[in-house]
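J.: pasting the sequence and the predicted model now:
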Amino acid sequence: MSEGTRLENANPVIFQRSGERVQTASEEDEDVHDPIDDREIFDILSINDPEHPLSLEELNVVEQVRVKVNDAENTVGVEFTPTIPHCSMATLIGLSIKVKLLRSLPDRFKIDVCITPGTHASEEAVNKQLADKERVAAALENASLLEVVNQCLSTRSI
Amino acid sequence: MAAESTLALSLVEEFVSGLQDSKAKDAAKGVKDGKFTVLQLVEALGSSLTSSQPHTRARGVHLLSEVLQECYGDLTEREVEVLIAFYENRLKDHYVVTPPVLKGLKALTKCTNLPPGSAVSMLRSVFQDIHVQVRLSYCTFKLKGLGADFVFGFVQSMDGERDPRNLLLAFQIAKNLIHGGYDLGKFTEELFEVTSCYFPIDFSPPPNDPHGITREELVQALRAVLTGTPKFAEFLLPLLIEKLDSDVQSAKLDSLQTLAACVSQYEHKHVAEFLQGLWTSVRREVFQTSSEKIESAGLAALTALTSCLSRSVLSSDSEDSLSTFLDFILKDCKHHLCEPDLKLVWPSAKLLQAACSASTRASHIITVAVMPSLLEQYNNRTQCSHRRTLLEVVQRFIHSVKNCQSSDNDESVLLAFREALCSIVFSALSESNSSLQITATSVLTSLAQQAGLLVESDIELALDHLTRLLLTEEDDRVSLAVVECAGALAQLHPALVITKLIPKLKKEMFTEPMNQDQEEVSELHSHHAVRQRCLSALAAVSIQPSVVQESTPVLLEVLRSAHTGSVNFSVDEVVLTCRSLQRIAERVQDSEEAGRCFHDVFIPHLLSLALQAALQGKKGSEALNWNHVSGNKCDYLSQKQEGDSWSLSRLVCLLMGSVCSLPRSVEVPQIDKLLSALEEMSCACSHPLSYTSAAKCFAGLVNKKPQVSVSSSGDSLDSLIQRMMKRVCSELDSPSSSVRTQAFTLMIWVAKALLLRYHPLFTTLTDKLFSLLDDADLGPMAADGFSLLMSDSTDVLNRACHADVRIMYRQRFFSENSAKLVQGFNAAPQGREKKPNYLKALSNIVNKLPKQVQVTELPALLSLLLEALSCPDQDIHLSTLSCLEPVLVNPPQVLIQQLEALINRLLALISSPAMSVRIASLSCISTLSHFPVHEVLPFRARVLRALAKPLDDKKRLVRREAVQARGEWFLLGSPGGR
């Protein structure tokens, strides 16, 4: 994780970013209630990869089809796909996604972040870590871990 | 006696040795007053004149010359003779002495009693001894008596001259010699030789030439000499023929131009013997040239030559040189017109036309010789391209015949060929080839322009053909040519156009397409095209008032039926109709008849149609178009409106559109009456649209009204405004008045009109406006009024309407009034709902200022703006937030000091009912996170807590801003963040 080590996946496949969300008339209408939908969550997740100067979307780590939200039942489920099955960053990426959602969603939501089934070697272990509230909280107490997470979450300055 | 000579001596001493120039004057005075004679002066000069130093001698001569210049009148013949002898002798002296010597000679030439022969000897010595460059400048004495001798001397002196400056001068002198009537005598040829050796001028000025003499100047100067007198003819013409053989393009061009210039002075006897040679050379240049310049110079020379020949008076014994010359031309050119491949047609035709356009006689001879064969050719040829070429040649002939026709009308040369010409034109019009048709229309146009050539039946036939083409021909170029031709015909034969063309076009336009099935789209399309062509033809023919009277009703009828829907016209067609009307209005000859026609028929119809359309609130673009049309004839319009009853109050909207968009230069007639009517209406009318429009219209006129009235009887602008203000104030000041809103509307619009033009009275109006901010009813309106003052209006008072709009009026308004506003705010009684008005006014003003100005001005107004954020009006919130945002990017110190207050207010606005306010405040909060960390960090926890709520806002756009803002604040003070 430290600087200077070789990148695990130096030349990832890059995917096209989906365009900006098209603004609709109902979104501009004061009286209409806009529910939180998949695309909105997906837009929130436009966070940086810890290794590459690319967003998770561009690396196809997060896809809109793997984002599930139920506004009425207050649940959000996000499945992410590490670029390679042995990616050591998987936990970190998961943590970043989780933190971003925690900061960006109302606290009524139960947030579930896990690896897309069958895409990582230690899938279960990572999923378990991400699901454990206390371990997540503990991880965020760790200054150096928090630093990396924050770097992922800061908007890229150009 | 002794005393006199001593006086002279001392003067000489002071002048020569003492170098005191003023002594020359004293000496001259002495001679004049008779204190001493010139002879005594010469004696006194003795030693200086014989000194071994050339400068001393020059000084001596200088003194003498100065004296002579003053008193040449008093010299006796004897004295003059002695002095001339002396001076002639001195010419041989050192060059330093020369200038004063020449000065002296010049003075002597002015003597009335010049001894006979002395001038000759004087000049001879001058020519002999003096170096050319100095001499020429002194050669301008006017000595007619010298005659041939002088010319000879001149010729000798300029021989071999090379300096362009001297040449230019020499040419000018030569020209003066020629024009001044000097007797050239036997030296004519010498003078010609010495000047013509420079022809053609080949001179390219050196780079950075200080004298700035150009080749063109030399060419012109030399040409003036050479073409100056017919006496040179016998030498010049052979020279020109010779130079035309040259390979140098510029030499050819110069020769041809010189030829054209010289023949204008000559008579036929001068050119007679060179005709053959000149013709051969010119013909060669035109046939073989590669350069258009040479070709046109050649043709111009030919025209000049022909007109020279036509001009001369024949004596009984001389032959007719014109016909001889034209015979040459015809012999060489005519057969080219008949050759099967038509190779040399154009050059031959051009030569013939050049000769043809020179005079009536020439055109007679040539036309009679050429036209029949051209016509026959046309009838024999079958290929379209050949026919077209022939037709074009014919058209050029008609054109050149027209050029030479004298005003005192003999019959047209072409009269004999009328029938044949018409028949080929009509046959060409019936062909299917479009370029042939286009050429035929231009021939027809040329024919029609020959007064008295075509008879009525020809025109009728022509119009039939044109109408047919207009209705059936799809090609744009053809219809364009046809429309133009119809215009030309209408100019000369309005009556026939009215009876033949217009009814047919009208019928065609009002015919509905036969079949309206889906499959017939192409037919519909073509029908549309036909209508368009008819419309443009109608516009093109409407030049004469009589035609306009017939054509405009047709167009108006189109508009009317389009409006009522009785005939189906597309919007495009209607717009085109309006354009056609506009074009007619622009083009029609300004006459009383046309004016009356417009006034009686056109404008009222148009107005009523526009009014109907406006009332129905549709076809806005057409209404606009109509306004534009009527604008063009504003004079008639305003006359009309005056007569109109004002009960049709909505008419004022239309009036505003037309009157207010006039350029400032157009004076609106009876403006004072109009203004008072508008004032009355805007203050008294109860219909909001009407009184607003009247106020706008009034303001639009006030904005353009000159400060000092043009007509002496009219009110000045100041008194007009004062009168209006008095009325408005009296309404505004009585709380019970029913028309306060109206008065206020008028005032705010006039205020805007004055603000835009920086009128000094504007302050009176603003003061009133400020005082209204405290008004219970009108306060909020007054606050909104500031927004109107600061923003651009779309319909009146903008640059497109030619309003007087000064630059930076907003900044000016701001800088003059912001202090008043702050003061007013502070003085306003607390809690009585008055303060918000000030805040609203302020935020309206600041919001419209350019961003750069906002950033610099805001800190001073910050406390007021923070107040604004806590007042209840959402509009104020929004406009204040939008002012604040750019400032937050580079926060000034003042703002940081007020951070606590700012954050409190912004957080409060997060739960505003208006979503735009929520978004704006969230975006400001997001920007706040970029303030210096130590300043904002204390607020982190509070802000994060507050931002949790909008994360669940019902509007997605608000949530998006909230997510953004909260993310930023989370990063603040956190490792890896900021």
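T.: Received, thanks. Quantities reported herein were computed from a predicted structural model and do not represent experimental measurements.
J.: tell me which element residue B:555 falls in.
T.: For residue B:555, the element it lies in under DSSP states H and E is helix B:545-564.
J.: so which elements touch that helix?
T.: Contacts of helix B:545-564 with other secondary structure elements, assessed using 3 or more CB pairs under 8 Å, 6 or more residues apart in numbering or on different chains; DSSP states H and E, are made with helix B:494-496, helix B:502-510, helix B:521-541, helix B:571-587, helix B:592-597, helix B:603-616. The C-beta positions use only the backbone N, C-alpha and C, and glycine is treated the same way.
J.: can you give me how far that helix is from the chain middle?
T.: 34 Å (CA atoms, centre = their mean, to the nearest Å).
J.: for it, give the mean pLDDT please.
T.: Averaged across helix B:545-564, the pLDDT comes to 75.
J.: now stretch B:257-266
T.: When the per-residue pLDDT values of stretch B:257-266 are averaged, the result is 81.
J.: and for stretch B:282-293?
T.: If you average the per-residue pLDDT over stretch B:282-293, you get 79.
J.: buried residues of that stretch, list them for me.
T.: Applying a neighbour-count criterion of 16 or more other CB atoms under 10 Å in any protein chain shown, the buried positions in stretch B:282-293 are B:282-283, B:285-287, B:289.
J.: and if you look at stretch A:50-59?
T.: Neighbour counts over stretch A:50-59 (16+ other CB under 10 Å) mark A:50-52, A:54-59 as buried.
J.: between the residues you listed, which is closest to residue B:355?
T.: Sorting those by how near they are to residue B:355, with CB to CB, puts residue A:58 at the top with 82.1 Å.
J.: pop the domain breakdown of chain B in here.
T.: Annotated domains of chain B cover B:229-311, B:320-432, B:455-580, B:590-616+B:647-706+B:715-788, B:808-971 [the TED database].
J.: and which of the buried residues of stretch B:282-293 is nearest to residue B:956?
T.: For the buried residues of stretch B:282-293, the closest approach to residue B:956 (CB to CB) belongs to residue B:289, at 78.4 Å.
J.: now do the contacts for that closest one.
T.: The neighbourhood of residue B:289, defined by CB atoms under 8 Å, 6 or more residues apart in numbering or on different chains, consists of B:295, B:298.
J.: repeat that for 10 Å
T.: Contacts were defined as CB atoms under 10 Å, 6 or more residues apart in numbering or on different chains; by that measure residue B:289 touches B:249, B:252, B:295-298, B:347.
J.: tell me the phi and psi of it?
T.: Main-chain dihedrals, residue B:289, degrees, to the nearest 10: phi -70, psi 160.
J.: what's the answer for residue B:936, then?
T.: Taking degrees, to the nearest 10 as the convention, residue B:936 sits at phi -90, psi -20.
J.: residue B:258 contacts residue B:228, correct?
T.: No. At 11.4 Å, residue B:258 and residue B:228 do not qualify as touching, with contact defined as CB atoms under 10 Å.
J.: parallel or antiparallel, list what pairs with the strand ranked longest in chain A.
T.: When chain A is scanned for its longest strand (criterion: DSSP state E), the result is strand A:62-70. Paired with strand A:62-70 in the same sheet, following DSSP bridges, are strand A:75-80 (antiparallel).
J.: list the buried ones in the very next helix or strand once past the partner strand?
T.: Where DSSP H and E defines the elements, the next helix or strand beyond strand A:75-80 is helix A:90-104. The neighbour-count check on helix A:90-104 (16+ other CB under 10 Å) flags A:90-101, A:103-104 as buried.
J.: list the buried residues in the helix or strand hosting residue B:364.
T.: Under DSSP H and E, the secondary-structure element containing residue B:364 is helix B:360-380. When neighbours are counted by 16+ other CB under 10 Å, the buried residues of helix B:360-380 are found to be B:361-367, B:369-371, B:374-375, B:377-378.
J.: closest one of these to chain A?
T.: For the buried residues of helix B:360-380, the minimum distance to chain A (CB to the nearest CB) is 67.8 Å, reached by residue B:378.
J.: do I have it right that the closest one meets residue B:395?
T.: No. Using CB under 10 Å as the test, residue B:378 is too far from residue B:395 to be in contact (11.8 Å).
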